[in-house]
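**Q** pasting the sequence and the predicted model now:
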Amino acid sequence: VLDLSSISTLSGGGFIRTLYIRAEQGGLVDLSGLNEITGGATHLIATDAGSRLDVSQLTSFTDTNGNRASLITPTQGGEVDMPMLTDLTSVDLTLDATGIVSTAQIQQLELGSVLVSGQHLDLSGVDSFRLSDLELRDGGTADISNVTDIDGASFEVFDGVTLTVPVPTTTYAALSETNTVFRANGAGSVLDLSAMTTMSGGGFIRTHFIDAESGGLVDLGGLTEITGGATHILADGLGSRVDLPILTTFTDTNGNRSSLMSPSAGGTIDAPLLTTLTSVDILVQPMGTLATSQMTSFTSGEMKVDGTHVDLPQLTNFSNSILLLCNGGTANVPNVSAIDGASFEVYGGVTLSLPSATSYVGQSNNTTRFRAQGPGSRLELSGVTTLSGGSFISTLFIDATDGGVVDLGGLSEITGGATNVLAQDAGSVVD
């Protein structure tokens with residue numbers, strides 16, 4: 001027994017140092033008089049059956065240092081006795097299948113992480129989970145039924161576990177402090193965020209990731225709009241699914257990181273009502289499923305079609321965007337008419353035709369390109385009659401290389417800024 005019951009306040013390690021408080025192999029550390037932990041990193045560890053760390057009067061645990069994380073971890077039958085602890089800030093909680101700790105009384109858990117393996121964690125008293133991470137593994141579950149503030153939070157479920165984020169949380173902002181993630185990994189794993197109606201992606205240089213992996217499901221069935229900074233929506237692996245059945249608009253307004261949608265290897269991003277995308281990249285690969293036939297506007301983004309086909313019959317606005325076809329990828333864009341500032345690149349013997357485009361104006365901030373590369377590659381823009389090149393410091397490149405053909409057969413006039421017309425290698429033609 002280590003009796004420290006006379007201590008009422010405690011400040012953890014400064015700078016890069018950590019204060020460790022351990023109960024091991026059946027030992028007892030008695031801090032029953034402790035009311036508050038502040039300062040730098042403090043680790044409360046109880047390992048082995050019968051080991052006990054008594055902080056039964058502790059009400060607040062706040063790490064203000066920022067150089068090392070504080071931690072509470074009962075494992076292998078050990079117990080951290082903390083029935084009065086309601087507020088945790090910048091403190092991680094790690095719990096295995098046999099660790100003992102009381103959590104139903106916790107009201108605020110911010111700027112920390114919670115890892116639960118193999119048992120149920122009652123966090124029904126938590127109201128604020130701001131900028132924190134909840135990860136469930138190996139059958140671990142958690143009740144967060146009363147949380148209302150999850151801005152900047154991450155939720156990750158593995159190994160067939162379901163986590164439901166409650167109805168009061170209808171909006172979400174990823175913020176700028178760190179990257180965030182909504183992840184479901186593994187067959188039967190479900191992250192239910194269907195109560196959420198609006199979402200704002202990562203701020204500044206941060207990214208919010210929405211990942212369905214190895215057969216997992218991320219359910220965002222109530223989401224109608226994504227705005228703000230970078231948001232990456234990924235579905236990778238057979239049966240993996242991100243469900244966005246009523247999402248209509250996806251707009252990245254940050255400019256520091258690009259947003260992305262990418263299904264692959266049997267994964268599905270279900271967004272059948274998504275019509276308007278701004279500053280969002282799309283990567284479509286074989287065996288990835290993403291509905292595109294309903295899209296009407298795709299601006300300031302890049303669409304890469306790698307070895308498959310995309311159907312875009314209703315798309316009319318492709319301004320300031322890039323369409324790249326490679327490895328046999330093809331696209332149907334019969335009604336695209338607004339192409340100012342756009343780039344089109346075809347590789348590997350495929351044809352891209354834009355019959356509705358009649359005019360083109362280049363950009364002032366970025367280089368743009370019309371390119372056909374490789375035998376049989378054709379970029380058909382024969383409906384374009386007037387063309388204005390790049391302005392300010394930008395250039396429009398019109399390139400036919402390695403036997404490719406760029407068809408501008410209807411063009412009568414080139415004006416504006418810099419335009420470079422290049423035909424290189426035998427059989428390459430700019431018409």
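**A** Okay, I see it.

**Q** residues near residue 146, how many?
**A** Using other Cβ atoms under 10 Å, residue 146 has 13 neighbouring residues. Glycine gets a C-beta too; all of them are placed from N, C-alpha and C.

**Q** how about it: what's its closest non-neighbour residue?
**A** residue 124 (5.6 Å; Cβ to Cβ, 6 or more residues apart in numbering).

**Q** how close does that neighbour get to residue 295?
**A** Computed as Cβ to Cβ, to the nearest Å, the residue 124 to residue 295 distance reads 42 Å.

**Q** just residue 208 next, same as before
**A** Noted for residue 208: a distance of 22 Å to residue 295, by Cβ to Cβ.

**Q** on contacts alone, who are the packing partners of the helix or strand containing residue 396?
**A** Counting by DSSP states H and E, the element that carries residue 396 is strand 395-401. The contact analysis (3 or more Cβ pairs under 8 Å, 6 or more residues apart in numbering; DSSP states H and E) places strand 395-401 against strand 368-373, strand 386-389, strand 405-407, strand 418-424, strand 429-430.

**Q** buried ones in the second one?
**A** Put plainly, it is strand 386-389. Buried residues in strand 386-389, counted by 16 or more other Cβ atoms under 10 Å: 387-389.

**Q** any chance of those residues in TSV, plus pLDDT and distance to residue 105?
**A** Formatted as TSV, the buried residues of strand 386-389 follow (pLDDT from 0 to 100; distance: Cβ to Cβ, whole Å):
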residue	pLDDT	distance to residue 105
387	96	69
388	94	67
389	91	67
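
**Q** what's the closest of those residues to residue 257?
**A** Nearest to residue 257 among those: residue 389, at 29.3 Å, using Cβ to Cβ.

**Q** my read is that the closest one contacts residue 414, right?
**A** Yes - counting by Cβ atoms under 8 Å, residue 389 does reach residue 414; the two are 6.6 Å apart.

**Q** which of residue 124 and residue 295 has more neighbours?
**A** With neighbours defined as other Cβ under 10 Å, residue 124 and residue 295 compare such that residue 295 has more, 23 against 16.

**Q** what sits against the residue nearest to residue 393 when sequence neighbours are not counted?
**A** Spatially, and ignoring its direct neighbours in sequence, residue 393 is nearest to residue 364 (7.6 Å; Cβ to Cβ, 6+ apart). Contact analysis of residue 364 by Cβ atoms under 8 Å, 6 or more residues apart in numbering lists 390-394, 417.

**Q** go again with 7 Å.
**A** Neighbouring residues of residue 364 by Cβ atoms under 7 Å, 6 or more residues apart in numbering: 391-392, 394.

**Q** ditto for residue 128
**A** Neighbours of residue 128 in contact, by Cβ under 7 Å, 6+ apart: 108, 110, 149.

**Q** how near is the nearest residue to residue 100 once chain neighbours are set aside to residue 45?
**A** For residue 100, ignoring the flanking residues on the chain, the nearest one in space by Cβ to Cβ, 6+ apart is residue 79 at 3.8 Å. For residue 79, the distance to residue 45 (Cβ to Cβ) stands at 11 Å.

**Q** how about residue 317?
**A** 58 Å.

**Q** go on, residue 147?
**A** Noted for residue 147: a distance of 27 Å to residue 45, by Cβ to Cβ.

**Q** more neighbours, the two?
**A** Using other Cβ under 10 Å, the more surrounded residue of residue 147 and residue 45 is residue 147, with 23 against 20.

**Q** and the residue sitting nearest the centre point of the chain, what are its bridge partners?
**A** Against the mean C-alpha coordinate of the chain, by Cα atoms, centre = their mean, the closest residue is residue 209 at 1.2 Å. Assessed by DSSP bridges, residue 209 has beta-bridge partners residue 181, residue 232.

**Q** residues contacting the closest residue to residue 365 other than its chain neighbours?
**A** Closest residue to residue 365 apart from its sequence neighbours, by Cβ to Cβ, 6+ apart: residue 394 at 6.3 Å. By Cβ under 7 Å, 6+ apart, the contact list for residue 394 reads 362-367, 417.

**Q** out of the residues you listed, which are inside helices?
**A** Counting by DSSP state H, no part of these is found in helices.

**Q** buried subset of the residues you listed as a ChimeraX selection?
**A** If you want just the buried ones from those in ChimeraX, going by 16+ other Cβ under 10 Å, the selection is:
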select :362,363,366,417
